[in-house]
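J.: Here's my sequence, what's the structure:
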Amino acid sequence: MLDFREKISHGNAKFPVASYRITPDHPRYQMAFHWHPEHEILYVVRGKLSLMLGQNEYEARAGDMFFIQGGTFHSGVASEQCEYHCFVFDLERLIPREHKCNELIEQLNTLTVSIDEQLGKDPEGLYGTYCALADRLFSDKREGHEFTVTGLLLQFVGTLVEQERFVRRSQPTEHTLKMLSNIRNVLYKIENEYAQPLTLESLAATANLSPNYFCRFFKRMTSRSPIEYLIAYRVNVAEHLLRTTDRTMTDIALGCGFTDVSHFIKYFRREKGITPKQFRVSLNDRQTQ
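T.: A predicted model of the protein is given here:
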């Protein structure tokens, strides 16, 4: 199963850092709406990436860099043969518990400090650190590279703080935190039960909200209605299965929660611009070239 859950382990307990090079053939090329407690540095290498970070939308192109603070809902739609890099790391586990830096880490975790999301093109003091980090994580993994990677990540965050690329905010209200928690519960339900006949009413009940209010709030957070998000999620899972298995169209359609093959084809074409059959043929053509 293709899993977009926050429960994904980025790195491991001893070295909580993970790197991802996302290209058109990657199963998560189109970044589904999700969140995770770790922070993330995202860099666009080529093409275009329409990013949604919280309620902010960006059209990112080659050279653009972003800092995605832990807990931020985000998604991305890639186009023009996009390639982008993601570095996900748990800052809290990279620094000793009694270290002075933990004061700022606690503020980041409670959202009373927010680092600038959009770092722009070639931001001063950051680009060189990023290039060294990318080299270590994608190419040079000699023994001891964990020391260098940890140092580079801390240097990156330290430069952001020194340049005052952050704002201080008041503590989020209990209502806001509860609403975010409710939305996360809905995302978990979709991720675990996307193959089931989910309805707007059942998703709203998971969020403990009325269907109308839930629909408005969910769309404000994700730019999609709950059912549109559910369909897009099913299509992304189906795309992964088309790419990695030889299961029949009917098997994939029903296994992903579509009522029949015709509905599957309709929504796949709406999301991806081609039919599932055309998508599979294009994969076979690329493999034989």
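J.: what's R220 in contact with, if anything?
T.: Taking Cβ atoms under 8 Å, 6 or more residues apart in numbering, we find R220 in contact with Q55. (Glycine included, C-beta is placed from N, CA and C.)
J.: Which is the succeeding secondary structure element to the helix or strand that it is a member of?
T.: If you go by DSSP states H and E, R220 is part of helix 211-222. Next helix or strand after helix 211-222 toward the C-terminus (DSSP H and E): helix 226-244.
J.: in that following helix, what's buried?
T.: Within helix 226-244, the residues that qualify as buried are 226, 228-242, counting by 16 or more other Cβ atoms under 10 Å.
J.: Same check on stretch 28-38?
T.: Within stretch 28-38, judged by 16+ other Cβ under 10 Å, the buried ones are R28, Y29, Q30, M31, A32, F33, H34, W35, H36, E38.
J.: so what's the first one closest to, chain neighbours aside?
T.: Going back to what we said before, that points to R28. In this structure, R28 finds its nearest non-sequential neighbour in I22, 6.6 Å apart by Cβ to Cβ, 6 or more residues apart in numbering.
J.: and that neighbour, how many neighbours?
T.: As a burial measure, I22 scores 22 neighbours (other Cβ atoms under 10 Å).
J.: Tell me how far it lies from Q155.
T.: 24 Å (Cβ to Cβ, to the nearest Å).
J.: about what we covered before: pull out the buried positions in the helix holding R220.
T.: So helix 211-222, judged by 16+ other Cβ under 10 Å, has buried residues P211, F214, C215, F217, F218, M221, T222.
J.: I'd like those residues laid out as CSV, including pLDDT.
T.: Formatted as CSV, the buried residues of helix 211-222 follow (pLDDT from 0 to 100):
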residue, pLDDT
P211, 94
F214, 92
C215, 93
F217, 87
F218, 87
M221, 74
T222, 75
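J.: Nearest to D90 among the residues you listed?
T.: For the buried residues of helix 211-222, the minimum distance to D90 (Cβ to Cβ) is 24.0 Å, reached by M221.
J.: helix/strand/coil for the closest residue to F87 other than its chain neighbours?
T.: Excluding the flanking residues, the one nearest F87 by Cβ to Cβ, 6+ apart is I41, at 4.5 Å. Using DSSP: H, G, I helix; E, B strand; the rest coil, the structure places I41 in strand.
J.: Quick check: I41 vs V88, distance?
T.: Taking Cβ to Cβ, one finds I41 at 8 Å from V88.
J.: ok, now which ones touch V45?
T.: Contacts of V45 (Cβ under 8 Å, 6+ apart): A62, E83, Y84, H85.
J.: Just among those residues, which is most surrounded?
T.: Highest count within the contacts of V45 by other Cβ under 10 Å belongs to Y84, 26 neighbours.
J.: Would you confirm that that one contacts Y43?
T.: Yes. Counting by Cβ atoms under 8 Å, Y84 does reach Y43; the two are 6.5 Å apart.
J.: pretty sure C131 is in a helix, no?
T.: Yes. With three-state DSSP as the criterion, C131 is located in a helix.
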